[in-house]
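1. one predicted model, sequence on top.
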Amino acid sequence: MTAGTARASRPRRLRRSAPALTPWAQARALARRLPTALPPERIPLDAAAGRTLAAAVVAAASLPGTDDAAVDGYAVRGIAPWRVVGRALAGHGGPAAVAAGEAVEIAAGAAIPEGTHRVVPYEEAQRDGDLVCTASVAARRHIRGTGEYAAAGDPVLPTGAVLTPAALGLAAAVGLDTVTVRRRPSVRLLVTGDEIVAAGTPPPGAVRDAVAPMLAPMLRGWGAEVAAPRYVPDQPAMAGTAAIAGAVHDAEVTVVCGASSAGPADGLHRSLRLLGACVHVDGVACRPAERQVLAQFGDRWLVGLPGDPYAALVAALTLLEPLLGGLAGRSPAPAAQALLMGDVRADPRATRLLPVVQQGAYVLGHATAPPWHLGDAAQADALAVVPSTWRPERPVELLALG
Ligand SMILES: Nc1nc2c(c(=O)[nH]1)N[C@H]1C(S)=C(S)[C@@H](COP(=O)(O)OP(=O)(O)OC[C@H]3O[C@@H](n4cnc5c(N)ncnc54)[C@H](O)[C@@H]3O)O[C@H]1N2
Ligand code: MOO
């Protein structure tokens with residue numbers, strides 16, 4: 001078992017009485033900082049979307065690879081008028097050099113013949129037989145210099161960056177077929193509760209699982225490899241402990257939904273004690289989703305989410321998103337901020353997380369969102385983080401809903 005060394009990360013021993021709550025921002029920071037990034041692997045570009053770079057992308061080729069035309073037109077040398085002596089098409093070469101008073105009709109992307117100093121775009125050129133001239137005295141040369149955007153050997157994307165579609169295009173543009181990324185963390189979700197059904201219309205007394213359908217795509221969006229959820233009964237209690245032991249063995253991150261409170265069927269804490277977990281966070285000072293858990297078994301992690309679906313969403317954004325970011329070695333993105341309008345008040349004892357809708361430069365929040373209902377979150381653009389000290393004129397941080 002690896003215990004954190006910093007004071008803030010020292011694990012708390014599980015107690016029967018209510019443990020002290022970790023402040024929301026501190027819980028997030030711990031989840032981000034405690035894990036060690038997974039090992040790197042080299043993979044093809046077409047498998048790398050959404051992965052995190054474990055090494056900078058370094059240009060193998062200069063971009064552009066040669067001085068080339070930025071527009072279609074005439075590459076010219078000397079003073080107008082110019083006599084057109086040939087054509088240069090991209091990928092096909094053309095006249096290697098021209099003399100003063102000569103021009104080459106050129107396609108965008110074609111290497112410019114030696115000696116030409118400017119490309120006159122078609123729309124600025126007047127052609128008459130072999131001759132071409134221009135009335136434009138524009139200073140733009142319309143020539144891209146070799147390595148103007150990247151020289152071979154230049155880093156073009158830093159370690160920790162997420163490979164977006166544009167980033168993959170850039171890696172290809174500088175001549176790469178593979179990239180070095182972090183291995184994806186594997187995640188197993190355990191959905192607890194005798195009342196929970198995985199599919200169909202729930203009969204009276206049963207509750208349809210709302211958490212696995214919500215969490216699986218979020219986890220994939222955060223770069224995880226997500227195994228099929230397992231449904232775990234509350235009874236017998238050992239079933240939960242065995243399910244957790246199995247999941248911790250199989251996956252880097254185990255997520256337990258429900259059973260995090262102190263009710264008669266809520267066995268998570270008992271299982272953690274039996275399995276010798278190192279508990280870093282046991283309750284977070286936020287509304288909703290106070291009952292969240294972050295625990296460690298060696299290099300394996302467990303996050304406990306409250307069963308109520310909106311509270312589970314809040315807890316996933318509080319602990320799971322930064323934990324997966326830490327395991328993937330991802331550089332934290334700067335937090336989006338906005339001014340918050342609506343009938344909202346801070347809670348003096350906790351950070352509130354509210355679904356908000358974008359309204360121009362502002363976001364609009366509702367006074368409360370009940371922990372058990374996803375109605376507002378399902379139509380929200382983000383969750384706003386409302387600290388206990390918040391005042392209406394202060395911008396709030398926004399958490400993207402994926
Ligand atoms: N004495 C107290 N009791 C409770 C408190 C409290 O402060 N004092 N807090 C309540 C709150 S708030 C929450 S949240 C729950 C957290 O409890 P658990 O994490 O143990 O969750 P469960 O009891 O298993 O379930 C709570 C609720 O959510 C429904 N649920 C569970 N899983 C799912 C799912 N996958 N999909 C949809 N709905 C789910 C479940 O049926 C319950 O209604 O503790 C309270 N108790
Ligand atoms: O505290 Mo519960 O975790 O909000 O719904």
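-> In hand now; what should we look at? Ligands and ions are numbered 1, 2, ... in the order given.
2. now do the contacts for V104.
-> Going by CB atoms under 8 Å, 6 or more residues apart in numbering, V104 touches 74-75, 84-88, 94-95, 98, 112-113, 116. Yep, even glycine has a C-beta here, placed from its N, CA and C like the rest.
3. and the next element down the chain from the helix or strand in which it is found?
-> According to DSSP states H and E, V104 maps onto strand 102-106. Downstream of strand 102-106, the first helix or strand assigned by DSSP H and E is strand 118-121.
4. okay, now the sheet partners of the next helix or strand after that next one, with direction.
-> Counting by DSSP H and E, the next helix or strand C-terminal to strand 118-121 is strand 125-128. The strands beside strand 125-128 in its sheet (DSSP bridges) come out as strand 131-134 (antiparallel).
5. starting at the chain centroid, how far to the next helix or strand after the strand it pairs with?
-> As assigned by DSSP H and E, the chain's next helix or strand after strand 131-134 is strand 143-144. Averaging C-alpha positions (CA atoms, centre = their mean, to the nearest Å) puts strand 143-144 35 Å from its chain's average.
6. could you measure from R83 over to A97?
-> 14 Å (CB to CB, to the nearest Å).
7. one more: L30?
-> Distance from L30 to A97, by CB to CB: 65 Å.
8. can you check E321 too?
-> 58 Å.
9. and L131, by the same measure?
-> From L131 to A97 the distance is 20 Å (CB to CB).
10. sorry, back to before: nearest to E123, of the contacts of V104?
-> Nearest to E123, judged by CB to CB, of the contacts of V104 is Y74 at 11.6 Å.
11. so what does the residue in the stretch 101-250 of the chain positioned nearest to ligand 2 have for phi and psi?
-> Relative to ligand 2, the nearest point of the stretch 101-250 of the chain is V211 (12.3 Å; CB to the nearest ligand atom). Dihedral pair for V211: phi -90, psi -50, per degrees, to the nearest 10.
12. the one 4 residues further on now?
-> The phi/psi pair for L215 (degrees, to the nearest 10) reads phi -80, psi -40.
13. surely it meets A316?
-> Yes - with contacts counted by CB atoms under 8 Å, L215 reaches A316, the gap being 6.1 Å.
14. tell me which parts of the protein are close to ligand 2?
-> Applying CB under 6 Å from any ligand atom, one finds that the chain approaches ligand 2 through P288, A289, E290, R291, P306, D308, A311, P371.
15. restricted to helices, list those.
-> A311 (DSSP state H).
16. export the lowest-mean-pLDDT helix or strand in the chain to CSV, keeping only CA atoms.
-> Lowest mean confidence among the helices and strands of the chain (mean pLDDT, DSSP states H and E): strand 362-365, at a mean of 84. Provided in CSV are the C-alpha atoms of strand 362-365 (Å, rounded to 0.1, in the frame of the first residue of the first chain):
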residue,chain,number,x,y,z
TYR,A,362,-23.4,34.3,-18.4
VAL,A,363,-24.5,31.0,-17.1
LEU,A,364,-28.0,30.6,-15.5
GLY,A,365,-28.3,28.3,-12.5
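17. so what strands line up beside it?
-> Its sheet considered, strand 362-365 pairs with strand 336-341 (parallel), strand 351-359 (antiparallel) by DSSP bridges.
18. let me have the ones you listed in a markdown table, extended by mean neighbour count.
-> As requested, those are exported to a markdown table (neighbours: other CB atoms under 10 Å):
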| stretch | mean neighbour count |
| --- | --- |
| strand 336-341 | 16 |
| strand 351-359 | 22 |
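19. quick one: the helices in this structure?
-> Secondary structure of the chain by DSSP H: the helices cover 24-33, 165-173, 211-221, 237-250, 268-274, 309-315, 321-327, 375-378.
20. what residues sit buried inside stretch 394-402?
-> Residues of stretch 394-402 classed as buried by neighbour count (16 or more other CB atoms under 10 Å): V396, E397, L398, L399, L401.
21. first-to-last residue distance for it?
-> 25 Å (CA to CA, to the nearest Å).
22. now that stretch: mean pLDDT?
-> Throughout stretch 394-402, pLDDT has a mean value of 91.
23. TSV please, covering the residues of the chain next to ligand 2 and showing neighbour count and pLDDT.
-> Below are those laid out as TSV (neighbours: other CB atoms under 10 Å; pLDDT from 0 to 100):
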residue	neighbour count	pLDDT
P288	21	95
A289	26	95
E290	20	94
R291	24	93
P306	26	95
D308	23	96
A311	25	96
P371	19	88
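24. this completes my enquiry, with thanks.
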